[in-house]
Structures are given as C-alpha cells and as structure tokens.
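# Here is a sequence together with a model predicted from it:
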Number of protein chains: 2
Amino acid sequence: MAAPTFTIGVDYGTNSVRAVVVDTADGRALASKVFDYPSGDQGVLLDPKQPHLARQNPADYVEGLRVAVGGALTEADAAPSFARDRVIGIGVDTTGSTPLPIDQNNRPLAVDPRWRANLAAHAWLWKDHTSAAEAAAITEIAARHNAELLDPIGGTYSSEWWWSKIWHCLKVAPDVFDGAASWVELADFVPSVLAGVHDARRVVRCICAAGHKAMYSDTWGGLPPKSFLARLDPKLADLRDRLYDKALPPGTPAGHLSADWARKFGLHEGLAVAMGGFDAHYGAIGSGIRTGTLVKIIGTSTCDCAIASASAKIANVPGICGIVNGSIMPGYFGIEAGQSAVGDLLKWWVEGICKGDQALHERLSVEAAKLSPGESGLLALDWNNGNRTILVDARLTGLLIGQTLHTTPAEVYRALIEATAFGARAIVERLREYGVAIDRVVCCGGIAEKNDLFMQIYADVLGQPMLIAGSPQTPALGAAVSAAVTAGKTSGGYDSWEDAQGRMTTVKDKAFTPNPDAQATYDVLYGIYRELHDSFGGVPDARADLSSVMKRLLSLKEHRADATV
Amino acid sequence: MAAPTFTIGVDYGTNSVRAVVVDTADGRALASKVFDYPSGDQGVLLDPKQPHLARQNPADYVEGLRVAVGGALTEADAAPSFARDRVIGIGVDTTGSTPLPIDQNNRPLAVDPRWRANLAAHAWLWKDHTSAAEAAAITEIAARHNAELLDPIGGTYSSEWWWSKIWHCLKVAPDVFDGAASWVELADFVPSVLAGVHDARRVVRCICAAGHKAMYSDTWGGLPPKSFLARLDPKLADLRDRLYDKALPPGTPAGHLSADWARKFGLHEGLAVAMGGFDAHYGAIGSGIRTGTLVKIIGTSTCDCAIASASAKIANVPGICGIVNGSIMPGYFGIEAGQSAVGDLLKWWVEGICKGDQALHERLSVEAAKLSPGESGLLALDWNNGNRTILVDARLTGLLIGQTLHTTPAEVYRALIEATAFGARAIVERLREYGVAIDRVVCCGGIAEKNDLFMQIYADVLGQPMLIAGSPQTPALGAAVSAAVTAGKTSGGYDSWEDAQGRMTTVKDKAFTPNPDAQATYDVLYGIYRELHDSFGGVPDARADLSSVMKRLLSLKEHRADATV
C-alpha cells in the first residue's frame, strides 16, 4: 500500500481566507485554519461617499496565505499519518471577478506606498457595483457591434465583471490605470504568488475567470478584439496587449511552489500549484459535479453549476450567465447560473422587516413547516435583488401577492423560500430545455446543511431529491482535488478528475426526497409563478390570466385548508 | 330670542351604544354617555365552531337605551341652559344590515326563554358572514331572472345583508324562522321600541336599510317580487307578506315617544322619534353632507357617502354598492361606496406582521412621513380584505410590488396608506364619470382626526383638500339633526335639512391641502396602480404594460431619491 499523500486547498472568501489540509485517499480534512482579513470592515474597504464601492487590500491576501496555510500545516502535524514531505500539491479558489492592478513585477500597486491610499489601486471585490454605467455601455456596444461576445454570458455584461471595473478605474482614477503594467484576477494572482512569478507577463490565467468574466473565448481568439475595446476606450485596446493571449483550464499547473514559500511552509520546492479558480467552480468540484449533476451553492445568493461534455452540441442557453469550455473541468462546458437573493431574501424578511434575529429565523421555520403547500394563499417573486438567471435583469424587484388581513410573518417566510425554489426550478427547466441533463442535485452551503424546511421545499418544488455535499468546505476541497489531479498519479495524486472526485468527495446520507402531494400542489403554484414571472419579467408573448391569479391562489388555500382539517 | 331646544342622538355601534344630548342651535354636545353591551365578547356573541358567526343579544339594545339616554340626560341636567322639557326629539342610528326575528308583539324572539339559547334567534350583526353561500345564490338567481334587482346595489348581493341572513336562518334554524312573526332591522327596531310599538305589523321601516340591504325599490313596488323570493325558498315569499309594503325616508317620524319611556326619561310623551338610519348615513348628515360633498367615514374600513338631487339623471353606477332614492336625505339619491380594509390594513402590517403596538404605529408614521411620494419604489393594492368598490369582489387579495433587500417596515406602511388612497381615488373617479359631482371631501373617524400623514397622502392622491368633520360623534349628531328636522320648526327644530345642517354641523379649521409636487408624482403612481388594479381585478380590456411596472417604479424611486439630496 502506497504511503498517504496530501494536498492543500486555500479558499479566499469575502471576509477571510481558509486553508485546509486534505488526505488525497478520501478527501478527509486533517486540519483547517481561517485568517480574517485585517483591513477595512471585515476585510472590505468601504467609502462612505460611494455606497456601491467594495475593495480589498492585496496585502491581506499574502499575509492570509502565510498565516492560514502555515497554521493548517501546524495543525496537521499532529495527525499521525501526516508529514509535510508528503504534501504533493496546493490549489487556490477565490471570489470573482475580483481584479487588481499590478506593476511589471507582478506586485499589486496597492502595496506600493505611492498608491496605498488610493482605493482604485486595491483589489476590486466581486461585489463592488461602482461600474453599473460601464456595464450597461459594454452590453450596448457589444450588442451593436460584436453580439457574439454576449452569447456565452447570457446576453448581459455585469457591473461585477472585469472590463466594467477596469474601465471604471480608467475613468475615475486614470493615474492608477496608467500606473498599472497589467491587471490580474485574484484567482490568478494567488497561484502566481505561490509560484514566485515576478513578471506580470508570466502570470498564468485560468479560463474560469477569463471565460466567465472577461469575454475570453477561443472562438474569437481570446480576449475581445481590440476593435471592440477601442470603442470603449483606446486605452483598453492598448491594455489588451499587456494582459494575456491564452487562458487555461484546471489540471494544467499554474506553476510550481517557489523556493521561498517552500521554505516558509516546510514543503517541497516545485510541488504542483493548481490553476486558480472561482469558489463556485471549485465548490462544484468538491461537491462531486459530473454530467447530469447540478451543484447548488446556496448562501446569501445561489450559484448553480453544471457541466456538459464539450463534444455535446450545447447551444448558447438564453439567460444562462455563463457557458465556457473548460471553466469547471477540462473537456466539459462549464455552465454557471445563479439567483441574486436567496439567504438574503430571508434575512431581509426576518431582520429587515420583522426586526428579529437568528432565534426568529428558527421560530418562523418551525411555524412555516406546519403549513401545507398552497395553504397560505401567498405567492412571491424572488427578485428583491433583481434576477440573474434566466431574465438577467437587475432592474426587477420583489412582488408578494395573496395577502389577507390574517397573513402571518411565517406564511410570508415560507412564501419567500418557495419563491427562491420556483426561481431555481426556472433555471433547471431552462437548462433541460436546451439539452443539459439534470438528474441529480447536490447542495452545499450553510442553508443546505441547517434549514430542513428549505431543503424539503426545494425537493418538492424541483421534484428531485436534494443531496447535500459531504464536506462543509467544498470550495477548499475542490481546490485540493484540483491540486491532486495537477500533481498526477505518479506523484501520488490522480490522473483523472473522475477518479479524484470519486475518492475525495462524498454526499451526506441525509437527503430530502419529494413528497408527491406537495409536488403536485407546487406544480400548480409554479405555473402561477411563471405567469407572474413572465408578465413582470417581460418575457415576449407571456401567457397569463392575471385576473384569476388571486382567485386561483384562494382556491388552493381553501382546498388545502380543508384538506388539513 | 326663543328658548333653547335640544335633541338626543343615539348611536348603536358594534360594541357599545352612545347617547348624546345636543343643542339644536349649534349642534354642541351637552352630554354624552356610553354603555358597553354586556353580552358575549365585547357585545358580540360568537361560536368557536363557526368563525364567521357574529350575533348580538337584543336585550343589550334595550338596556343600552335606558342606561345611555338616561345617563346622558343626567349629565345634561348640570348644564344651565338645559331642561328636559325642552328636548324636542330623539333619533337613532345603528349598524346594518343587522336583522333580528321578532314575534307578533314586536318582541325579539331572543328575549323569550324558549329561544334565548339559540344564536339564530338573536340579532344577526352586520359582520356576520355565515351566509356567503346564500349571498352568492341570490346574486346568481337575480342575475338570471330579475337583473333589475341588482342595479341599485352595484351588481352583487352581500353575505352581510338582510335576505342572505334570513335565508341562512331558514336553512340552519328553521324553527327560529318559523317561530318569527317578522324580522326587523336594528335601525327600525330601536325607534319602534321608543315609540312603544307592540305590533310587528306596525313597525315603521326606513328606506335606508330597505333600499341598500333588502332590495326595496319603488321601481318594482317595494321588496323583491314574491316570484323571485319563491325561487330562493317559498317560505321567503310567504315572509314577504309579514314584512312591509312601504319604507320611508328620514324626516318622516318613526313614531312618538311612548308614555313608558317618557316617564323613565322625564321627557315629553309624544315627542318626535326620528326615522332610524345606518350609522354611515347619519354620520354623513352629521358631517354636513350636501350635493358635491363626499363624506368619508374612515375606520377599520371606509364608508363613502354622497348625495345627488333626485331630479338629476343619475344612472346606476357600476360597482357602487348602493344608490337609493331618499336613503340619506329625502329628495336626494343616497350613494354609498366603501373600501373593505383601511385602518385594518395598517393594523395588519403593524400588529400582524411587525408585531408592534400603538407606539410602532406612531414610529412608522413618523418615519414614513420623511419619505417623498415614489421614493420607496413600492406600490400596493389595498385588497387584503377584498374590494368592495368599484370591483365588488370579495375574492381579491393583497399585492405588494417593488421590494428590494433594503425595503423597510415604514416604507411598506406608507405604501399601504397610499394604496388605500388610490382605492379612494378610484371611487371618486367612478362617481364623477357617472355624473356625481365631488368638489368637497369631509372626513370623520379616528384616523382622520389623528393621522396627519394619512390625511396629507389622501389630499395629495385625490388632489382635493381634505376637511375634517367638527364633531367626533358624527353619527349621533346626524341622528340628533334628524330628530330636530322631524320635530320641525314649530317645535323649536328645523323645517329644512339644509338649515339644520348649516347650524348644527361644522368642519374643523385644520384641513389638509394638496402639495402640487406630490400630487404630480401620485398621478403617475395612480396610473400604475390602475394598471395593476385593472389587470388583477379583471377589468375587461385592461390596459397595462406589466413588464415595465418594476422599472417605472425604480425610475420614480431614483428620481425622487436624487430630488431629496
């Protein structure tokens, strides 16, 4: 029997970074260490005058790498099976799109005292929404001149993405733009740091960030053509030359551990540094994604990931925000969809409206669980933060219908959960409609692990058992899986993703299966949801009989109320 | 100068009866006494097994008359100008439709020990909703065979009304039905008691209750034809012979004070007992109703009253629940409309959802008053308890649109007030469309007196100054005005309603006038309200662009938010 080997997964979240040491034989986490970013408000640099601004200090990333990985290794040392010289690879996942400007030596501008005070020189966190005008202009100009650019991203470019942010920087902080030799995604920056890359031109770029956020595609030869970028601003066309020609899928190494970091960590110099990737995509890997599986990462918002064989003829799916060859796993289209508010919607109701706390969340869950589907007579649209998929429209808002003078907070709470489940079903139906098989759903995130009512409603609405990923840290586990594949079988890792996932990822025994009665009622409610969804969402030729919506909901309510007597 | 004279107004509410002694010279209340009904839950007899049941004990009415009038007179005795022998009349207003079964001696069945334990033998309070099936059947049968019966009542017969209740009694308690010599409205019963009527056939009936609730009209010779009633049940056709042929407008005496009551109260035997009437109608009188004036009685729900000259050609106004010649004042069509939930809608939000109390009502009012029209981006439909006017559809429910993750309880609170104001505007516009002039709005009720934000929003939405009735007890004052007119000038009262109202009713100095900016924004919001109202309310050929509703609300929100910076 071969000696055990280990990989490290490092997960850069919004407020902290977590490093996990994983046994490649079974994916078990031997040790885990979290580092909270010291800068700003819980790691986020804010500007009271610009409520949409959210930046991060790149120095936190490097310090976090040192403390989290170092700490995890120290903890792992206590495990009898563990030895640092049997660590064969390290992988990194991050939030994104989170671009930062770098100098020609691959140093973040923000660590230079000259730029430190300038928020534009720091990392532009995924949730920075200062670039709404630029996003709208990019969408409009692309639609007019280069419509093909919008195909893989669902038709609309977002203010959270690469070009919107860099263009906004050029407008509001031209000195920062001019001072930057290049820009990197955080997902590419951290691996380049581990690999000791000191030349901006040599930073390896992952196709995950490039394809989903920077309009990169082999179809048109990489990043968008200079002619297109020049329409935005000639300086962006010039920048293209200082970015990259080629982005690579996971499995290809982003580099090899530098002597410096090897010494710091007591690891082998030159061990595999996996290609960086977004947390959602590596979370999908860590949840055991395969063709036919939908991975739902359920948090404040939800990210859905699926894959389809690259040899399959997957058309561009309207309203699906990203379909990129190789973005999740090489040889497959990586498909990304999402809902803008899920946990946030419940948080708004419980904390923003009912002025409660975690205890109220739990009390409303208990009360809501006593209701049958349809019993409240309520129906909601889940658009309090717009609709990311399948309408791709940030300028949509919430809707609640069916209230009486007896409607309770728990009834609304349940209606909001149901609304997000209906939104989830709309995504699944759209994917299936365009040939993406979905016959297995694996969920991860805090809500999946803690809120049984939520999971049961999803099972009933989707008509599909809901599984839960075995690991509570699927992104870090996915990064560790990637590191094991990148290291390869000869080094004690794996040569195939399927093998690596088969060994290193699991689902919990506990699963939620659909109740046929509930499913039947939810089929009816989903039909009404779609009438409202299509009418208010501007779907052409929407078929709806709005004049009977309230009456149909009342009939369901009365029928269910009778049924429970 | 003539010696002062006085009248007494007695107001039978849902939980108590109030008597007020009024100076006929200026309408000033010299004394007021309230008697809380001792039976049931705050005066309402309930049945835990039948949540829609609400009855009252007729013994409470008689005891209340004795205590309230007696107490008010005792209090009035302290006033130097007052003397009991200068009281010239007494008037009564009540809730309705509140029918009760009586024996041949005009005694309520319920005071007979044989029937006392039977809830069907008591008074069927206006808000008893056990007769929903009968109401639906009456509407359907009338629509098929006698459509003219539905014209004056807006097209739909209600479960709160006379025939629904009596028919339901016949079905569920045939012994009570068979045991009753006749039925009377509470509004007719109390005056008959004061007048010492001991013969069921001699109870004088007011046109107010007959026309608005019992489908009485001179057009078809009084109550509905026997052929129609026989379609419901032959026993109802038989009952018609034991009811009445003629109903009379106010101004005609319902009788003269009996020797018994005169002795009890120390008043002149034979003084004028005014025709009974519903609280809303006498409230309109007490608020100074005249042609062109809309009186809004704003409480948990709202009742709107207007009058139009009987010589004017007022067509039946679709969706207006009652237009009856002489029901408010002789010589005028009495027009009644209403909104099913106004104060109740705010109470639901503050108490039912936010779990607050009066202090929260006040806090939300203060916060909501800081918002500009349109600033929240929210819009609501005021249908949590259905829509009484102009859609006449109990099977409609609430709707709230425009929520974001930042929507606050105060924003929803304001949106709900606005929704009721939009509902009020829909009523005014419908009346004007059919030739009923509305150029003056007088409000009464607790909300009108206490909630300045509410009143300002109504002024801005209606584009009309909102006046407030001078008396806090307009129904009792109206009954006292009616008594003064019934007594006539020769007795020290008045010969004309205009003179009596001109002297005895006032409006407060404080009024709310429209703010032009707010009015302009509310014109836009009302347009969107009508799009939703018509689409969900089933108005034929509704014109709405629902796909842009959320975006238009967001634009208003952004525009207003900028405007306040």
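Received, thanks.

# and residue A:51, what helix or strand is that in?
For residue A:51, the host element (DSSP states H and E) is strand A:50-56.

# if we look at that strand, which residues are touching it?
With contacts defined as C-beta atoms under 8 Å, 6 or more residues apart in numbering or on different chains, strand A:50-56 is touched by A:37, A:39-40, A:43-47, A:98, A:119, A:122-125, A:127-130, A:132. Every C-beta, even on glycine, is put in place using the N, C-alpha and C of the backbone.

# Of those, which belong to helices?
Per DSSP state H, helices hold the following members of the contacts of strand A:50-56: residue A:132.

# could you flag which of the contacts of strand A:50-56 are buried?
Neighbour-count burial (16 or more other C-beta atoms under 10 Å in any protein chain shown) is assigned, among the contacts of strand A:50-56, to A:37, A:39-40, A:43-45, A:98, A:119, A:122-125, A:127-130.

# nearest to residue B:435, of those residues?
The closest of the buried ones among the contacts of strand A:50-56 to residue B:435 turns out to be residue A:129 (C-beta to C-beta; 53.5 Å).

# Excluding chain neighbours, what is closest to the closest one?
residue A:52 (4.0 Å; C-beta to C-beta, 6 or more residues apart in numbering or on different chains).

# State the number of residues packed around the one you found.
By the measure other C-beta atoms under 10 Å in any protein chain shown, the count of residues near residue A:52 is 12.

# so how far is residue A:463 from residue A:512?
Taken as C-beta to C-beta, to the nearest Å, the spacing of residue A:512 relative to residue A:463 amounts to 12 Å.

# oh, I was asking about residue A:283
Distance from residue A:283 to residue A:463, counting by C-beta to C-beta: 24 Å.

# Over to residue A:558?
24 Å.

# Let me know how buried the residue of the stretch 1-150 of chain A found nearest chain B is, in neighbour terms.
Nearest residue of the stretch 1-150 of chain A to chain B (C-beta to the nearest C-beta) works out as residue A:51 at 10.3 Å. Using other C-beta under 10 Å, residue A:51 is surrounded by 10 other residues.

# if I pick the closest residue to residue A:390 other than its chain neighbours, what's in contact with it?
The shortest distance from residue A:390 to any non-neighbouring residue, by C-beta to C-beta, 6+ apart, is to residue A:319 (3.3 Å). Residue A:319 makes contacts with A:154, A:155, A:389, A:390, A:391, A:392, A:430, as judged by C-beta under 8 Å, 6+ apart.

# Among the residues you listed, which pair sits farthest apart?
The span of those, defined through C-beta to C-beta, is set by A:155 and A:430 at 12.9 Å.

# where in the stretch 51-200 of chain A is pLDDT low?
For the stretch 51-200 of chain A, applying pLDDT under 70 flags no range at all.

# how about stretch A:175-187: buried residues?
A:176, A:177, A:179, A:180, A:181, A:182, A:183, A:184, A:185, A:186, A:187.

# Return the distance of the residue nearest to the second one when sequence neighbours are not counted relative to residue A:244.
This means residue A:177. Closest residue to residue A:177 apart from its sequence neighbours, by C-beta to C-beta, 6+ apart: residue A:170 at 4.2 Å. In this view, residue A:170 and residue A:244 are 19 Å apart by C-beta to C-beta.

# before we move on, what about residue A:420?
Taking C-beta to C-beta, one finds residue A:420 at 37 Å from residue A:244.
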